[in-house]
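Q: Task: produce atomic coordinates for the following.
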Amino acid sequence: MKKSVVVVEDDRGLREQIVQILETAPDIKCLGAYVSAEEALPQILAKNPDVVLMDIKLPGMSGIQCVAEIKKVMPAKQIIMVTVYEDSERIFRALKAGANGYLVKSSPPEQLLAAIRDVSTGGAPMSSHIANKVVRHFHLIGNSPTESENLSPREREVLELLASGFIYKEIGDKLNIGTETVRTYVKNICQKMHVRSRVEAVAKHMSESY
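A: Next up, the predicted model:
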């Protein structure tokens with residue numbers, strides 16, 4: 001089945017460019033492109049796309065606020081921020097709101113398409129220098145060693161595989177467990193490590209490993 005996508009971007013030229021990129025992929029279909037969070041939110045809730053591509057700076061409600069609103073109703077919805085902003089504050093506000101990935105608008109088309117496929121199967125796509133900012137953030141704030149120590153052996157295995165770049169299905173295959181079981185482990189890992197997403201869990205784990 002094709003992966004369905006909704007685009008939220010106020011810049012007309014960029015919005016049309018993203019839609020054109022999506023239309024080049026045989027396994028992806030665009031369900032709609034919207035100029036504001038207020039316009040997009042009811043459509044996202046009604047159309048239930050697999051992935052939402054969300055700009056941060058939008059007229060009226062911000063993209064970060066829109067992510068938070070979507071996650072209240074659809075906590076498992078996969079949302080990738082696609083933005084020009086690379087400062088740490090916006091990155092972490094987006095991730096804490098529930099974003100599953102973070103790409104800069106200068107990313108090549110193939111990276112955008114790969115991110116949609118990746119996040120649909122449990123990945124956490126992120127531009128490399130954005131990922132470095134996430135890791136550096138956890139270096140700076142430090143970590144409580146008891147948070148990782150609280151993980152069970154199987155939870156540690158799942159976290160190690162996430163950090164190695166494996167998606168949920170691949171982790172399930174390696175550990176001979178179902179994809180939903182992997183999701184449950186990831187949820188427990190996030191709770192025990194006091195983070196909001198698998199992205200933060202992996203970054204925290206990476207920073208502890210240095």
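Q: ok, then the element right after the helix or strand bottoming out on mean pLDDT in the chain?
A: Taking mean pLDDT, DSSP states H and E as the measure, the helix or strand of the chain with the lowest value is helix 145-149, at a mean of 55. Using DSSP states H and E, the helix or strand that follows helix 145-149 in sequence is helix 153-163.
Q: Going by contacts, tell me the helices and strands next to that following helix.
A: Judged by 3 or more Cβ pairs under 8 Å, 6 or more residues apart in numbering; DSSP states H and E, the packing partners of helix 153-163 are helix 168-175, helix 179-192, helix 198-209. Backbone N, C-alpha and C define where each C-beta goes, glycine included.
Q: Show me the strands in this structure, by range?
A: Along the chain, counting by DSSP state E, strands occupy 3-8, 28-34, 51-54, 78-83, 101-104.
Q: among the ones you listed, which is the most enclosed?
A: Using mean count of other Cβ atoms under 10 Å, the stretch among the strands of the chain with the largest mean neighbour count is strand 51-54, at a mean of 26.
Q: export the helices and strands packed on helix 153-163 to a markdown table and tack on mean pLDDT and mean neighbour count?
A: Formatted as a markdown table, the helices and strands packed on helix 153-163 follow (pLDDT from 0 to 100; neighbours: other Cβ atoms under 10 Å):
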| stretch | mean pLDDT | mean neighbour count |
| --- | --- | --- |
| helix 168-175 | 89 | 17 |
| helix 179-192 | 88 | 17 |
| helix 198-209 | 68 | 21 |
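Q: now the ones you listed in a markdown table, with distance to K105?
A: Output for those, formatted as a markdown table (distance: least, Cβ to Cβ, whole Å):
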| stretch | distance to K105 |
| --- | --- |
| helix 168-175 | 27 |
| helix 179-192 | 28 |
| helix 198-209 | 19 |
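Q: Any idea which of these gets closest to E38?
A: Closest of the helices and strands packed on helix 153-163 to E38 is helix 198-209, at 26.8 Å (criterion: Cβ to Cβ).
Q: ok, the one residue sitting closest to the centre of the chain - contacts?
A: Closest residue to the average C-alpha location of the chain: N100 at 1.2 Å, with Cα atoms, centre = their mean. Each residue near N100 by Cβ atoms under 8 Å, 6 or more residues apart in numbering is listed here: 78-80, 119, 124-125, 197-199.
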